[in-house]
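*Asks:* let me see the structure of the following:
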Amino acid sequence: MTMQPDKKQLEILLINYFRESLPDFPVGVVIPSESPDFTIRMKNKHMLGIELTRLNPENAIPLSEEHLKDIDEKEHLIELVKNVFENSTPHKLFVKFLFTEEESIGSERQMMVAVQIANLIRQEVQNKRTGNFFKISLNSSKLPAGIAEILIVHHPDLQTSVWERSNNLGISNDVVDDIRKAIHKKDEKLRIYQKQRLNYYWLLIFTDRLRGVRSFNLAEKVMNHRFQSRFQHVYLFDLIRSDVFQLV
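*Replies:* Modelled structure (predicted):
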């Protein structure tokens, strides 16, 4: 196994997670590359290029000092869980924490909750083979109050753990506009990708949790909007829900 830089390790994990979540993902060999991020050598000898990008909340709502303090406490809790888990378990994991809006975990509860979550994750992964890809979702029924979901993904190429808060880039006022801008930025670079002379080009936009500040059904709004791109297909991948939306 070739040791990849940290960013590419995570991209390899994400492309395999996407492949597991898209029923009609092409059968073929996934090859890490640059510009685009991956090429797929398909059975019919055709080559597919896939470029990955994270959805950036360009229209993120500003945060108050109270919100920023709450975020610091959540980041601290995640670091505690990671340290407790990794003290006794060798698995390198990509872990996303989705916190509830209603209840926060105060400093007096943090160590107790951290040990509880670390033990729960340890139980979930103990029988998993580190040489295989696997994905586990823990929902609120298994988790302490204050945490809605935890996503756990492993790929053998991941040598550097990534434990982080979901929506750590912010919550957007206008997700549709964010998606449009993400597509536009990558469309501008498509000429570079086309120098590879591949048969097809896909764009994969991934997001921690497809949500916004309003109460309407955001996923439905996204799917009812018409997006345009010079890529043959554009997909939006909700990591927490394992949902794939074809936008183009």
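
*Asks:* any idea how far L14 lies from Y193?
*Replies:* According to C-beta to C-beta, to the nearest Å, L14 stands 18 Å off from Y193. Bear in mind the C-beta positions are built from the backbone N, C-alpha and C, glycine included.

*Asks:* list the buried ones in stretch 91-107?
*Replies:* By neighbour count, with 16 or more other C-beta atoms under 10 Å as the criterion, the buried positions of stretch 91-107 are H91, K92, L93, F94, V95, K96, F97, L98, F99, I105.

*Asks:* got those residues as a markdown table, with distance to D6 columns?
*Replies:* Conversion of the buried residues of stretch 91-107 to a markdown table gives the following (distance: C-beta to C-beta, whole Å):
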| residue | distance to D6 |
| --- | --- |
| H91 | 17 |
| K92 | 11 |
| L93 | 14 |
| F94 | 11 |
| V95 | 15 |
| K96 | 17 |
| F97 | 20 |
| L98 | 23 |
| F99 | 25 |
| I105 | 28 |
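
*Asks:* of these, which is the nearest to R241?
*Replies:* Comparing the buried residues of stretch 91-107 against R241 with C-beta to C-beta places L98 closest, at 9.8 Å.

*Asks:* which stretch of helix or strand covers the closest one?
*Replies:* The secondary structure element spanning L98 is strand 94-99 (assigned by DSSP states H and E).

*Asks:* what lines up beside that strand in the sheet?
*Replies:* The sheet places strand 94-99 alongside strand 147-154 (antiparallel), strand 162-165 (parallel), with pairing taken from DSSP bridges.

*Asks:* what about S33, distance to E11?
*Replies:* Taking C-beta to C-beta as the criterion, S33 is separated from E11 by 10 Å.
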